[in-house]
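In: My questions are about this predicted structure, shown below with the sequence.
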Amino acid sequence: MGQCTPEEQAIVENWLTFGEVTPFNLTDTELAADLEDIQMKIPMLKPKKRKLLPLAATAACLVLCGSLYLYISNKGNDKPSGLMLSKAQDLAPGGNKATLTLADGRTINLSDAKEGELVKQAGVNIVKAANGQLIYNALKTGTASTSYNMVSTPRGGQYQVVLPDGSRAWLNAASSLKFPASFKSMKTRKVELIGEAYFEIAKDKDHPFIVESKDQVVEVLGTHFNISNYAGEETSKTTLLEGAVRIAAVLNSKNPSSLRLAPSSILQPGQQAKISKENIKIANVDAEADVAWKNGYFKFTDNRIEDIMRQVSRWYDVEVSYEGKANNDVYSGRISRFKNISQVLKMIESAESVHFKVEGRRITVIQ
């Protein structure tokens, strides 16, 4: 319509081209563009189903109440629209919740525990710090322990652990990490993961860091990476952000007594290894999307609604069911993980491809 300023047009074009918005100092109009709203308004749908609006049409976007709204029309859609939830129905997001299980079987609810020293073990003391952190501090005196501890997060929980060697692990919802109370007497720093975690590993070339999960073994060479191996998912994924890791698929995973490793592959930053049926496939990916959860938001890149709702289900601790005929629509967008569920679902609904019904802790996806 020719009504946008050059700055506003640059914002839209930059987002369409690069998937991000570069801040500008707007002079004529202050554009309060909430990235989370903007990016979910345009799902990246397969061309056979729908097309993105052309740039000319996109430039004619509506500016309402100081926010930029881009949308795709879906004429003939007779599905119910306009999700409405009362305060009692709306569900809050997850938060810092976890349980620490000690080698002797004792458990500590980290959500309720006060900040400060929780317990001392041989060679280490365990401290709960602010902002959902559990820190293992090696003691100068005392015999190092080779006993194992485990931190577990529930559905709707997350937690950060500083391991005895200074490495950091961020656990996503419904995950657990098993690790020794001290690495001092070990040739390798080995941990076991169920679910999803992001790692920043302290460098120690003489003591390799190894992450074992149900169908893969990751050997770390001092690096930042994310592993997702939830039960029920079709594939396990390891995404590398910095450094290098070596990936090996586990063969005969149904028979633990006869485990052996498939040939390994080395990842480069920006690459992801997917393991399915004991095969490894490596591809370049949007690594930011795989660690978005650790940074406080969901980021989807050509994801189907089923993939999105699995993440929503774990984080909001809800059950998900489906009605209607499944479609192949895929979405790209970015949404804060710290909004109530109604806001997340409304953003997805705005694409006019699916709608939702919320009953207690059950969400029905109407396709």
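Out: Sure thing, it's come through. This structure is a prediction, so every number in the text was calculated from the model and none was measured. Numbers count the residues shown, from 1 in each chain.
In: When you work out contacts or count neighbours from here on, use the C-alpha atoms and nothing else.
Out: Fine.
In: per-residue confidence at the spatially closest residue to residue 245 that is not a sequence neighbour?
Out: Distances taken as CA to CA, 6 or more residues apart in numbering put residue 220 closest to residue 245, at 4.7 Å, once the chain neighbours are dropped. Residue 220 carries a pLDDT value of 88.
In: so residue 159 makes contact with residue 171?
Out: Yes: Residue 159 is within contact range of residue 171, at 5.2 Å (criterion: CA atoms under 8 Å).
In: which residues are common contacts for those two?
Out: Counting by CA atoms under 8 Å, 6 or more residues apart in numbering, the contacts common to residue 159 and residue 171 are residue 153.
In: give me every residue that touches the residue nearest to residue 245.
Out: By CA under 8 Å, 6+ apart, the contact list for residue 220 reads 201, 208-211, 244-246.
In: Flag the shaky bits of the stretch 101-250 of the chain, pLDDT-wise.
Out: For the stretch 101-250 of the chain, residues meeting the criterion pLDDT under 70 lie at 122, 141-145.
In: now the strands: where do they sit in it?
Out: 107-109, 116-121, 124-129, 133-138, 148-152, 157-162, 168-171, 176-180, 189-200, 209-213, 216-220, 224-229, 236-242, 245-251 (DSSP state E, counting those that start in this stretch).
In: Quick one: the ones you listed as TSV, columns for distance to residue 366 too.
Out: Formatted as TSV, the strands of the stretch 101-250 of the chain follow (distance: least, CA to CA, whole Å):
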stretch	distance to residue 366
strand 107-109	38
strand 116-121	47
strand 124-129	43
strand 133-138	39
strand 148-152	33
strand 157-162	27
strand 168-171	31
strand 176-180	33
strand 189-200	28
strand 209-213	35
strand 216-220	36
strand 224-229	28
strand 236-242	28
strand 245-251	37
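In: what residue ranges in the stretch 251-367 of the chain score low on pLDDT?
Out: 251-263, 278.
In: change it to 90
Out: Counting by pLDDT under 90, the stretch 251-367 of the chain shows low-confidence ranges at 251-266, 275-280, 286, 288, 300-303, 325-335, 347-353, 367.
In: that older thread, ok, and the most crowded of the contacts of residue 220?
Out: Of all the contacts of residue 220, residue 245 has the most neighbours under the rule other CA atoms under 10 Å, reaching 25 neighbours.
In: Tell me who's in contact with that residue.
Out: Residue 245 touches 218-221, 223, 266-268, counting by CA under 8 Å, 6+ apart.
In: Pull out the buried positions in stretch 317-333.
Out: Buried residues in stretch 317-333, defined by neighbour count with 16 or more other CA atoms under 10 Å: 317-320, 329-333.
In: Am I right that residue 351 sits in a helix?
Out: No: assessed with DSSP: H, G, I helix; E, B strand; the rest coil, residue 351 is coil; it does not lie in a helix.
In: ok so, going back, which ones among the buried residues of stretch 317-333 map onto strands?
Out: 319-320, 330-333 (DSSP state E).
In: Between these, which sits nearest residue 291?
Out: residue 333 (14.1 Å; CA to CA).
In: Span of stretch 202-218 from start to end?
Out: 15 Å (CA to CA, to the nearest Å).
In: err, stretch 267-287, not the other one
Out: 12 Å.
In: And the residue nearest to residue 245, how far from residue 162?
Out: Applying CA to CA to residue 220 and residue 162 gives a distance of 17 Å.
In: do residue 323 as well
Out: Computed as CA to CA, the residue 323 to residue 162 distance reads 43 Å.
In: doesn't residue 169 make contact with residue 294?
Out: No: if you go by CA under 8 Å, residue 294 and residue 169 don't touch, sitting 10.1 Å apart.
In: Need the overlap of contacts for these two.
Out: residue 198.
In: Between those two, which is the more surrounded one?
Out: residue 169 (23 against 19).
In: Pull the contacting residues for the residue nearest the centre of the chain.
Out: Centroid-nearest residue in the chain, with CA atoms, centre = their mean: residue 293, separated by 3.3 Å. Contacts here follow CA under 8 Å, 6+ apart; on that basis residue 293 touches 172, 299, 337.
In: Ramachandran angles for it?
Out: Torsion angles at residue 293 (phi, psi; degrees, to the nearest 10) stand at phi -60, psi -40.
In: Same check on the one 3 residues further on?
Out: In terms of degrees, to the nearest 10, the main-chain angles of residue 296 are phi 100, psi 20.
In: Pull the contacting residues for it.
Out: 336-338.
In: Thank you, goodbye.
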